[in-house]
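In: give the three-dimensional model of this entry:
(one chain, ligands or ions: 2)
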Amino acid sequence: MYATELACIGCGRHYRLEALYNCPECGNILDVAYDYPRLKGDYEAGRISAGDFGPFLPLDEQAGVSVAPPPTPLIRAGRLAARLGVKKLLFKCEFLNPTGSFKDRPIAVAVAKAKEFGLGRVIIASSGNAAAAAAAYAGRGGLTGLVLVPEATPPEKIRQTAFYGATVVKVRGPYSNCFSLAKQAATELDYFNLTTTFINPYTVEGDKIIAHEIVRQAGEAPAQVFVPVGAGPLLVGLHKGFKECELLGMAAAVPQMVGVQATGCKPIAQAFSDGMTTVKAVKNPATIAGGICDGLYGYSQDGDYTLATIRRSDGYALAVADEDINEAMRLIAREEGLFVEPSGAVALAGLIQSLKNGQIAPDATSVVMLTGHGLKDMAAISQREVPVIDDDMEQLKRVMM
Ligand SMILES: *Cc1c(COP(=O)(O)O)cnc(C)c1O
Ligand SMILES: [Zn+2]
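Out: Ligands and ions are numbered 1, 2, ... in the order given. This is a model prediction of the structure:
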């Protein structure tokens, strides 16, 4: 294993790779550190094959836990690119993971760690997608799962999660309420906390692998990557993965990371446009994009970290209106035949707004993250009346008009 320790991004203290959450000394975020010189040496000597992502995970392969999901497709969105007037537009189809969202990535790694640590019970606070992933992987790993979701979570996500066998509990109020209750329950009831903010340092490592896949599938790093942002582990994980690709000589440069939020919940985009380095939490966020409806109340340091990562990549953050998210969902379905939930379309809405703002170079390659499946939130799409007829050609002709 090349992972060496947990390093605090605030005070710089180091800890062993144990079941820790935030820094015991200063409370800031812990990041998994690697022995990159050794990793690079082994890669250059051919001891690590291209496409083997195991060495970039903090997992003890001796334990025989193989959890990395298969690569998801990176497809060319040709019709949309032509319509929007961009040269090369690629969709990373993370909604095609086994549970229907990219949350399989962080959860697979965190569940593998729970098994390595010998912990039999896992808990998570989630707006639905990480809930389903946690329930599925906990079941597969033989662990007991307890899932806390906001009361307003789409029924599809709740049913899916419960069907995998986890105990699901709805918590009144915004996501932040689930977050704080899960944090408390993990300590008091002795559960391993899989929550996919930055609280569990292992989850981001799973998100990181998506960047490795993109570089391998595209043969290079794109100029820009558009990412829907809740707390931001997906964006930060992607950035870390692209950095690793650069370090190992697999990519020439790190892409500009573009964080996209919804106008009804935009603490990071607001701080970016205000030129701030700290994020102000939103107490009662509201957007149709439930997967990114994360006000960061009680853990705004997660937003600070995401904001700093966006700036480090020379990227930017922006917010899109719910109507624009709806329109992006429709375009993805009509032009490319792909069905994503509102949060899954947010990144394309961000690209469209960036085009209007002149923030995209004409010949740049852009990757857009499609994060969640459309079947997970069916109330989000308008219902068109569908006619019912008999086996009768005249009736068919009439309704076709
Ligand atoms: C969780 C989620 C996001 C946001 O990811 P973060 O890592 O929390 O920023 C985006 N889209 C979907 C569909 C999600 O489930
Ligand atoms: Zn610290």
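In: distance of R47 from A114?
Out: Remark: distance between R47 and A114 (CB to CB, to the nearest Å) = 29 Å. C-beta: built from backbone N, CA, C; applies to glycine.
In: can you pull the contacts of the closest residue to ligand 2 within the stretch 201-350 of the chain?
Out: Of all residues in the stretch 201-350 of the chain, Q301 sits closest to ligand 2, at 10.9 Å by CB to the ion. For Q301, the contacting residues are G27, N28, I29, F198, by CB atoms under 8 Å, 6 or more residues apart in numbering.
In: near ligand 2, from the residues you listed?
Out: Of the residues in the contacts of Q301, proximity to ligand 2 by CB under 5 Å from the ion holds for N28.
In: now do stretch 238-249: distance to the chain's middle.
Out: 17 Å (CA atoms, centre = their mean, to the nearest Å).
In: once you drop chain neighbours, what's closest to the most centrally placed residue in the chain?
Out: The chain has L234 as the residue nearest its centroid, 3.9 Å off, counting by CA atoms, centre = their mean. In space, and not counting its chain neighbours, L234 is closest to D207: 5.0 Å by CB to CB, 6 or more residues apart in numbering.
In: and for that neighbour, the neighbour number?
Out: The number of residues packed near D207 is 26, by other CB atoms under 10 Å.
In: follow-up on the earlier one: format the contacts of Q301 as JSON lines; extra columns: distance to ligand 1 and secondary structure.
Out: Shown next, in JSON lines, are the contacts of Q301 (distance: CB to the nearest ligand atom, whole Å; DSSP: H, G, I helix; E, B strand; the rest coil):
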{"residue": "G27", "distance to ligand 1": "20", "secondary structure": "coil"}
{"residue": "N28", "distance to ligand 1": "18", "secondary structure": "coil"}
{"residue": "I29", "distance to ligand 1": "13", "secondary structure": "coil"}
{"residue": "F198", "distance to ligand 1": "9", "secondary structure": "coil"}
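In: re the thing from before, ok, the residue nearest to L234 touching R105?
Out: Yes - using CB atoms under 8 Å as the test, D207 is close enough to R105 to be in contact (5.3 Å).
In: any shared contact partners between these two?
Out: Among the neighbours of D207, those also in contact with R105 (CB under 8 Å, 6+ apart) are G237.
In: quick one: the strands in this protein?
Out: Remark: strands assigned in the chain by DSSP state E are 3-8, 14-15, 30-34, 74-76, 88-93, 121-125, 144-150, 167-171, 192-193, 224-228, 256-262, 316-320, 365-370.
In: can you add mean pLDDT and mean neighbour count and give these back as CSV?
Out: Supplementary listing: the strands of the chain in CSV, determined by pLDDT from 0 to 100; neighbours: other CB atoms under 10 Å:
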stretch, mean pLDDT, mean neighbour count
strand 3-8, 98, 19
strand 14-15, 98, 14
strand 30-34, 98, 20
strand 74-76, 98, 15
strand 88-93, 97, 22
strand 121-125, 98, 25
strand 144-150, 97, 23
strand 167-171, 97, 16
strand 192-193, 98, 23
strand 224-228, 98, 29
strand 256-262, 98, 28
strand 316-320, 98, 24
strand 365-370, 97, 27
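In: tell me which of the ones you listed lies nearest to A138.
Out: A138 sits nearest to strand 144-150 of all the strands of the chain, at 3.6 Å, using CB to CB.
In: the closest one pairs with which strands, and in what direction?
Out: Within its sheet, strand 144-150 is paired with strand 121-125 (parallel), strand 167-171 (parallel), according to DSSP bridges.
In: nearest to M329, of the strands of the chain?
Out: Comparing those by CB to CB, strand 365-370 comes nearest, at 10.1 Å.
In: related to what we said a few turns ago, make CSV out of the strands of the chain and add distance to ligand 2.
Out: Formatted as CSV, the strands of the chain follow (distance: least, CB to the ion, whole Å):
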stretch, distance to ligand 2
strand 3-8, 3
strand 14-15, 9
strand 30-34, 8
strand 74-76, 37
strand 88-93, 33
strand 121-125, 23
strand 144-150, 27
strand 167-171, 29
strand 192-193, 18
strand 224-228, 26
strand 256-262, 24
strand 316-320, 25
strand 365-370, 30
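In: what about M369, distance to ligand 1?
Out: Using CB to the nearest ligand atom, to the nearest Å, M369 is found at 8 Å from ligand 1.
In: can you pull the contacts of that residue?
Out: K92, E94, F102, I210, V225, F226, V227, P228, L234, L238, A347.
In: for K240, same thing?
Out: V204, K208, A211.
In: could I get the strands of the chain as JSON lines with distance to A379?
Out: Output for these, formatted as JSON lines (distance: least, CB to CB, whole Å):
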{"stretch": "strand 3-8", "distance to A379": "40"}
{"stretch": "strand 14-15", "distance to A379": "43"}
{"stretch": "strand 30-34", "distance to A379": "37"}
{"stretch": "strand 74-76", "distance to A379": "27"}
{"stretch": "strand 88-93", "distance to A379": "23"}
{"stretch": "strand 121-125", "distance to A379": "22"}
{"stretch": "strand 144-150", "distance to A379": "15"}
{"stretch": "strand 167-171", "distance to A379": "16"}
{"stretch": "strand 192-193", "distance to A379": "29"}
{"stretch": "strand 224-228", "distance to A379": "19"}
{"stretch": "strand 256-262", "distance to A379": "17"}
{"stretch": "strand 316-320", "distance to A379": "20"}
{"stretch": "strand 365-370", "distance to A379": "20"}
